[in-house]
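Novice: one predicted model, sequence on top.
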Amino acid sequence: QVQLVESGGGLVQAGGSLRLSCAASGSIFSMDVMGWYRQAPGKQRELVGAITSGGTTNYADSVKGRFTISRDNAKNTVYLQMNSLKPEDAAVYYCNAEVRERWYSLRVAYWGQGTQVTVSS
């Protein structure tokens, strides 16, 4: 089994910054794509950004230029640096990772428990 634990959420004023972290632990042979999703009340969960094991990134148009995703493969950790936060960025942010537990295993997607980001105007 694999566990993803997020941290770094909280309350920030509009225009401020937060950095989210997500650390994976457990039976991990390799981690492929890692990403951050968010879900606001009454809305569907949406992709914020993702990063491959090689460092290729992609972002939702709404966060391009403001958010940066990065990862530390040695620590099995992915980060989301969020700058110039807007009230519409408020949501529960979830970490996602595609994990192979053994060299012969299929990739399995795991989710963190979520961390709340609140942005005051």
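Specialist: In hand now; what should we look at? As the structure is a prediction and not an experimental result, all values here were calculated from the model.

Novice: report pLDDT for the nearest residue to S62 once chain neighbours are set aside.
Specialist: Of all residues not flanking S62 in the chain, E88 sits nearest, at 7.7 Å (Cβ to Cβ, 6 or more residues apart in numbering). C-betas here are computed from N, CA, C, even on glycine. Reading off the confidence values, E88 has pLDDT 97.

Novice: name the SS class of E88, please.
Specialist: Under DSSP: H, G, I helix; E, B strand; the rest coil, the three-state class of E88 is helix.

Novice: what is the neighbour count of it?
Specialist: 11 (other Cβ atoms under 10 Å).

Novice: Q116 touches G9, doesn't it?
Specialist: Yes - contact status for Q116 versus G9: in contact at 4.9 Å, counting by Cβ atoms under 8 Å.

Novice: quick one: which of these two has more around it?
Specialist: G9 (19 against 12).

Novice: re the thing from before, who touches the residue nearest to S62 in this structure?
Specialist: Contact analysis of E88 by Cβ atoms under 8 Å, 6 or more residues apart in numbering lists 40, 62, 119.

Novice: out of those residues, list just those in strands.
Specialist: Mapping the contacts of E88 onto strands (DSSP state E) picks out V119.

Novice: which of the contacts of E88 sits closest to C95?
Specialist: A40 (16.8 Å; Cβ to Cβ).

Novice: count the neighbours of that closest one for me.
Specialist: Close neighbours of A40, defined as other Cβ under 10 Å, add up to 14.

Novice: same thing with P41?
Specialist: Using other Cβ under 10 Å, P41 is surrounded by 7 other residues.

Novice: and if you look at R107?
Specialist: Count around R107 with other Cβ under 10 Å applied: 13.

Novice: what about the strands in the chain?
Specialist: Using DSSP E, the strands of the chain run over 2-7, 10-13, 18-26, 30-39, 46-51, 57-59, 67-72, 77-82, 91-100, 108-111, 115-120.

Novice: adding mean pLDDT, write the ones you listed out as a markdown table.
Specialist: Shown next, in a markdown table, are those (pLDDT from 0 to 100):
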| stretch | mean pLDDT |
| --- | --- |
| strand 2-7 | 95 |
| strand 10-13 | 98 |
| strand 18-26 | 97 |
| strand 30-39 | 96 |
| strand 46-51 | 98 |
| strand 57-59 | 98 |
| strand 67-72 | 97 |
| strand 77-82 | 98 |
| strand 91-100 | 97 |
| strand 108-111 | 96 |
| strand 115-120 | 97 |
